[in-house]
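Asks: All I have is the shape, not the residue letters:
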C-alpha cells in the first residue's frame with residue numbers, strides 16, 4: 001500500500017525552531033499536511049479531535065513529555081495503533097528501552113536530516 005503524502009502528521013516539540021526544522025524536512029519529503037503542538041497535552045487534545053497518520057514527538061517537554069504522550073496514546077483505544085516516532089537529543093539506552101516498552105514505533109536522535117527521517121518513517125509507515 002502506498003503511503004499517502006497528504007496524510008496529516010502531528011509534530012510535537014516545545015522548541016519552535018525544532019518544529020520549523022521538522023516541518024521543512026517533512027516538506028522536502030513531500031508531506032505538506034503538518035500540524036504542530038507545543039507539548040504533550042496540547043498534542044493529545046489535537047489527536048483526539050482529528051485523525052492523524054503519524055506523530056513525531058520530542059521527548060523532553062513540559063508539562064507533559066513525549067514519553068507521557070506516547071503512554072497516553074497507547075492507552076487510548078482510538079489512538080492505540082497510531083504510528084509514533086520519538087525524537088530526542090539523548091541517545092541514552094534507558095530512554096530507548098523505556099520508549100520501546102511504551103510502544104514507540106521508532107526513535108530518532110538529534111541532529112538528523114531528511115534522509116534519516118525518511119528511513120525512520122519508511123520503517124514505520126511504509127516506503128514513500
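Replies: Perfect, I can see it now. No experiment lies behind these values; they were computed from the predicted model shown. Numbering: from 1, shown residues only.
Asks: make it CA atoms for all contacts and neighbour counts henceforth
Replies: Will do.
Asks: Could you list the low-pLDDT ranges of the protein?
Replies: Along the chain, segments meeting pLDDT under 70 span 1.
Asks: all helices for it, in order.
Replies: Taking DSSP state H, the helices of the chain run over residues 16-28, 40-49, 66-75, 93-102, 114-125.
Asks: tell me the angle the fourth one makes with helix 66-75.
Replies: Pointing back at helix 93-102 there. For helix 93-102 against helix 66-75, the angle by axes from the mean of the first three to the mean of the last three Cα atoms, to 10 degrees is 20 degrees.
Asks: Okay, buried residues for helix 93-102 please.
Replies: 96, 99, 102 (16 or more other Cα atoms under 10 Å).
Asks: before we move on, back to that, of the helices of the chain, flag the one that's most buried.
Replies: Mean neighbour count (mean count of other Cα atoms under 10 Å) peaks for helix 66-75 among those, with a mean of 20.
Asks: helices or strands next to it in the packing?
Replies: helix 40-49, helix 93-102 (3 or more Cα pairs under 8 Å, 6 or more residues apart in numbering; DSSP states H and E).
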